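Enquirer: I would like to see how this sequence folds:
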Amino acid sequence: MSRIVLTTIGSLGDLHPKIAIAIELRHRGHEVIFATHQEYQDRIETLGFEFHRMRPDNTALHDPHCYPSRVSRPH
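Expert: A predicted model of the protein is given here:
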């Protein structure tokens, strides 16, 4: 059938609903690929889905040194 890419940035609360959708899509014969943070790679691959890393990682979202200079900062 179809190859479907699911992507999410955020917490497990964002990822878990996508996993439920992916399981149902696979059950219906689709190939599901995840593009998300590297910290979720083991979880995704354990469920038998293809994984591709998406940046920035969740940990980088909390580090102000990882933000590009175009992000405005309060003066």
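Enquirer: Roughly how far does residue 54 sit from residue 24?
Expert: As defined by Cβ to Cβ, to the nearest Å, residue 54 lies at a distance of 22 Å from residue 24. Quick note: C-beta positions are derived from backbone N, CA and C, even for glycine.
Enquirer: okay, the two: which has more neighbours?
Expert: residue 54 (15 against 11; other Cβ atoms under 10 Å).
Enquirer: shaky segments in this structure?
Expert: Within the chain, the segments meeting pLDDT under 70 span 57-75.
Enquirer: Can you name the element that comes right after the biggest helix by length in it?
Expert: As assigned by DSSP state H, the longest helix anywhere in the chain is helix 12-27. Downstream of helix 12-27, the first helix or strand assigned by DSSP states H and E is strand 31-36.
Enquirer: Which neighbouring elements make contact with that next one?
Expert: In terms of contacts (3 or more Cβ pairs under 8 Å, 6 or more residues apart in numbering; DSSP states H and E), strand 31-36 is packed against strand 3-7, helix 12-27, strand 50-53.
Enquirer: The following helix or strand past it: how far from the chain's middle?
Expert: Once the chain leaves strand 31-36, the next helix or strand it forms, by DSSP H and E, is helix 41-46. Relative to the centre of its chain, helix 41-46 is centred 11 Å away, using Cα atoms, centre = their mean, to the nearest Å.
Enquirer: now the spatially most central residue of the chain, which residues is it bridged with?
Expert: Residue closest to the average C-alpha location in the chain (Cα atoms, centre = their mean): residue 36, at 2.0 Å. Beta bridges link residue 36 to residue 53 when assigned by DSSP bridges.
Enquirer: just residue 6 next, same as before
Expert: residue 34.
Enquirer: Please list all residues in contact with it.
Expert: Residues in contact with residue 6, defined by Cβ atoms under 8 Å, 6 or more residues apart in numbering, are 18, 21-22, 32-35.
Enquirer: what's the closest of the helices and strands packed on strand 31-36 to residue 40?
Expert: helix 12-27 (5.9 Å; Cβ to Cβ).
Enquirer: Quick check: which helices or strands does the closest one pack against?
Expert: strand 3-7, strand 31-36, helix 41-46.
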